[in-house]
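J.: following is a predicted model, sequence given first.
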Amino acid sequence: MFAPMTEITTRQISANGLSFAIDEAGQGDAVALLLHGFPESRQSWRHQLAPLAALGWRAVAPDLRGYGQSSRPADRKAYRIEALTGDVAALFDALGAKRRLLIGHDWGGMIAWAFAIARVAPLDGLVILNAPHPAVYIETMRRSWSQRARSWYAAAFQLPLLPEALLTAGGARAVGRAFSGDSDAFPPELVAHYRANAVQPGAMTAMINYYRANAFSLARFGPGRALRIETPTLMLWGERDPYLGLELTEGYGPYVRDLTLRRLPGIGHWLQQEAPVEVNARLASWLGERSLVA
């Protein structure tokens, strides 16, 4: 079904006044853009690029601004959600996209939700992995002490300097621990890659600035304010996510017209890396059902 030998190339691309490192598989103007989360990199999509290319998509995974080999603006305001969605639009344009499939995990998922809600550019499909719609997240946080406890780190990241010091100590030992426990999903060289990215000058501050710059701005996509998403949407959710509870998969009726939810029992937060076969199969099935095989 898939072509595992599809070549993946790496290059730099200019978009929105910045330089982005991208991994790319496939050709053409049907572009699938894959957005990673915190504290990952474009490497988190290493298992999805070739399968998407085999389905006819030109699959592109960038290091988001502030990460890896992409540009790293110093100003906290540079990480506001409108700048991040602007990056997505500019990347699609720079890649010559005429059809657009947007896929996001964790913070990449939040950017993807915001892009679709604000209708920054037309999308043919939207795929979200373990990232709640902002309105659902806000509603859940208001009523759920359990989710508030799970989200403690987002509040802690508002402190100055201390989060950077703790997360980069010992060569970013804490970042490595986030990916520990499954050497098949996270081989030592991959964990070393994530740790090395985190200790680059200014990198951890840039990563945390996603939280700091958007502590209140995502409310514009909250209850009563978010436009309903008309784009066909697939949400994949690892049920053993220690950060985001299953209640965040409920209550999407007012916000997404065409939502398909697929839960993955026994899989955690990093599902596209922990369970790539299952994720790729569900993605391929949904793309076929929605006539989104390019």
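T.: Yes, it's here. Numbers count the residues shown, from 1 in each chain.

J.: need the residue closest to the centroid of this structure.
T.: residue 108 (2.3 Å; Cα atoms, centre = their mean).

J.: helix or strand for that residue, which one?
T.: Residue 108 belongs to helix 107-118 when assigned by DSSP states H and E.

J.: same check, this time on residue 20
T.: Taking DSSP H and E as the definition, residue 20 sits inside strand 18-25.

J.: now do the helices in the stretch 151-294 of the chain.
T.: Taking DSSP state H, counting those that start in this stretch as the criterion, the stretch 151-294 of the chain contains helices spanning 152-156, 162-178, 188-198, 203-213, 271-274, 276-289.

J.: next one: the last one to chain centre, how far?
T.: Distance of helix 276-289 from its chain centroid, counting by Cα atoms, centre = their mean, to the nearest Å, is 17 Å.

J.: tell me which strands and helices it is in contact with?
T.: Counting contacts by 3 or more Cβ pairs under 8 Å, 6 or more residues apart in numbering; DSSP states H and E, helix 276-289 packs against helix 49-54, strand 125-129, strand 233-238, strand 259-264, helix 271-274. In this view, the C-beta of every residue, glycine as well, is placed from N, C-alpha and C.

J.: got a list of what residue 10 touches?
T.: Residues near residue 10 by Cβ atoms under 8 Å, 6 or more residues apart in numbering: 21, 22, 23, 24.

J.: also residue 119?
T.: Each residue near residue 119 by Cβ under 8 Å, 6+ apart is listed here: residue 227.

J.: name the SS class of the closest residue to residue 127 other than its chain neighbours, please.
T.: Distances taken as Cβ to Cβ, 6 or more residues apart in numbering put residue 103 closest to residue 127, at 4.2 Å, once the chain neighbours are dropped. Assigned with DSSP: H, G, I helix; E, B strand; the rest coil, residue 103 falls in the strand class.

J.: who touches residue 257 in this structure?
T.: 228, 229, 230.

J.: gap between the second one and residue 83?
T.: To tie it back to what came earlier, the one meant is residue 229. Using Cβ to Cβ, to the nearest Å, residue 229 is found at 21 Å from residue 83.

J.: sec struct for residue 34, please.
T.: With three-state DSSP as the basis, residue 34 sits in strand.

J.: ok, it - contacts?
T.: Contacts of residue 34 (Cβ under 8 Å, 6+ apart): 42, 45, 48, 49, 59, 60, 61, 103, 104, 108.

J.: partner residues bridging it?
T.: Taking DSSP bridges as the rule, residue 34 bridges to residue 103.

J.: quick check: residue 36 touching residue 45?
T.: Yes. Using Cβ atoms under 8 Å, residue 36 makes contact with residue 45 at a distance of 6.6 Å.

J.: which neighbours do those two have in common?
T.: In contact with both residue 36 and residue 45: residue 61, using Cβ under 8 Å, 6+ apart.

J.: ok, now which ones touch the nearest residue to residue 215 once chain neighbours are set aside?
T.: Sequence neighbours aside, residue 158 is the residue nearest to residue 215 in space, at 6.2 Å (criterion: Cβ to Cβ, 6+ apart). Contact analysis of residue 158 by Cβ under 8 Å, 6+ apart lists 211, 212, 215.

J.: what distance do you get for the residue located most distally from the centre of the chain to residue 215?
T.: Residue farthest from the centre of the chain, counting by Cα atoms, centre = their mean, is residue 170 at 26.5 Å. Between residue 170 and residue 215 the distance, using Cβ to Cβ, works out to 28 Å.

J.: returning to that earlier point: out of the contacts of residue 34, flag the one nearest to residue 284.
T.: Closest to residue 284 out of the contacts of residue 34 is residue 48 (10.3 Å), distances taken as Cβ to Cβ.
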